[in-house]
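Chemist: no sequence on this one, just coordinates:
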């Protein structure tokens, strides 16, 4: 059975990969949001901005958890 330290490293590594995925999704949503706004679909663009805000808030919490695990 792995030690707590090894488990923490594995968990931090997995969270880091998820965080990278989250950043990639946010970048894609930003591109779609810009296109929507430029093409007169402001309401949908506003909803996408709300999704981006959620991703940003969660990214901060994930980053904090990664840092705690790596200590």
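Modeler: Perfect, I can see it now. Small disclaimer: the values here were computed from a predicted structure and weren't measured. Numbers count the residues shown, from 1 in each chain.
Chemist: ok, residues contacting stretch 58-71?
Modeler: 8, 9, 11, 12, 15, 16, 18, 19, 22, 23, 26 (Cβ atoms under 8 Å, 6 or more residues apart in numbering). Quick note: C-beta positions are derived from backbone N, CA and C, even for glycine.
Chemist: let's go with 7 Å and repeat that
Modeler: With contact meaning Cβ atoms under 7 Å, 6 or more residues apart in numbering, stretch 58-71 is reached by 8, 11, 12, 15, 16, 18, 19, 22.
Chemist: now, of these, which are buried?
Modeler: 12, 15, 19 (16 or more other Cβ atoms under 10 Å).
Chemist: residues near the closest residue to the second one other than its chain neighbours, how many?
Modeler: To tie it back to what came earlier, the one meant is residue 15. Once flanking residues are discounted, residue 15 sits nearest to residue 66: 4.9 Å by Cβ to Cβ, 6 or more residues apart in numbering. Using other Cβ atoms under 10 Å, residue 66 has 17 neighbouring residues.
Chemist: what's the distance between residue 66 and residue 45?
Modeler: 31 Å (Cβ to Cβ, to the nearest Å).
Chemist: mind listing what's buried along stretch 49-62?
Modeler: For stretch 49-62, by 16+ other Cβ under 10 Å, it's 52, 55.
Chemist: average model confidence for that stretch?
Modeler: In this model, stretch 49-62 has an average pLDDT of 94.
Chemist: contacts only, for the residue most central in space within the chain.
Modeler: The chain has residue 22 as the residue nearest its centroid, 3.0 Å off, counting by Cα atoms, centre = their mean. Residues counted as contacts of residue 22 (Cβ under 7 Å, 6+ apart) are 55, 58, 59.
Chemist: which stretch of helix or strand covers it?
Modeler: Using DSSP states H and E, residue 22 maps to helix 4-38.
Chemist: okay, angle between the next helix or strand after that helix and helix 4-38 too, please.
Modeler: Next along the chain after helix 4-38, taking DSSP H and E as the criterion, comes helix 42-70. For helix 42-70 against helix 4-38, the angle between stretch directions is 170 degrees (axes from the mean of the first three to the mean of the last three Cα atoms, to 10 degrees).
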